[in-house]
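Asker: Fold the following and give me the result.
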Amino acid sequence: MQDEITYRLLKTIEEDPTQSQRELSKSLGISLGKLNYCLKALTDKGLVKARNFRSNPHKADYLYLLTPAGAEEKARVTVRFLKRKMREYEQLEQEIAELQNEMR
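Answerer: Sure, this is the predicted structure:
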């Protein structure tokens, strides 16, 4: 699983653990099947746990929670994701400067 998807999924779950899989897939811009795969991978790694809402009549609805290991992994993934985005930003800055020089 890519760091970007892992980061965005862990962040979204942390912010709103009550979102359904359909809502999560829509907000992340990925297919429901891919989201299901990612959630299963995170659950298998012990980073996310899924609980049924006890009082919810729709037993298919789950509450997704980050485990302590999930919170630690989110921090690590955030650092890696930020470093990658900063490198991309620096490369874009350089490309823009080169294009501006060409136009002069």
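Asker: which residues of this structure score low on pLDDT?
Answerer: Filtered on pLDDT under 70, the chain yields the residue ranges 1, 53-61.
Asker: What are the boundaries of the strands in it?
Answerer: Counting by DSSP state E, the chain has strands at residues 48-52, 62-66.
Asker: so which of these gets nearest residue 7?
Answerer: strand 62-66 (12.3 Å; CB to CB). Any C-beta I mention is one placed from the backbone N, CA and C, and that applies to glycine too.
Asker: Just checking: what are the partner strands of that closest one?
Answerer: Here strand 62-66 is paired, per DSSP bridges, with strand 48-52 (antiparallel).
Asker: Can you give me the buried ones in the strand it pairs with?
Answerer: residue 48 (16 or more other CB atoms under 10 Å).
Asker: what's the closest of the strands of the chain to residue 12?
Answerer: strand 62-66 (9.0 Å).
Asker: Reformat the strands of the chain as a markdown table; add distance to residue 10.
Answerer: Formatted as a markdown table, these follow (distance: least, CB to CB, whole Å):
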| stretch | distance to residue 10 |
| --- | --- |
| strand 48-52 | 8 |
| strand 62-66 | 6 |
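Asker: so which of those gets nearest residue 90?
Answerer: For residue 90, the closest of the strands of the chain is strand 62-66, at 30.8 Å, according to CB to CB.
Asker: Alright, I will stop here.
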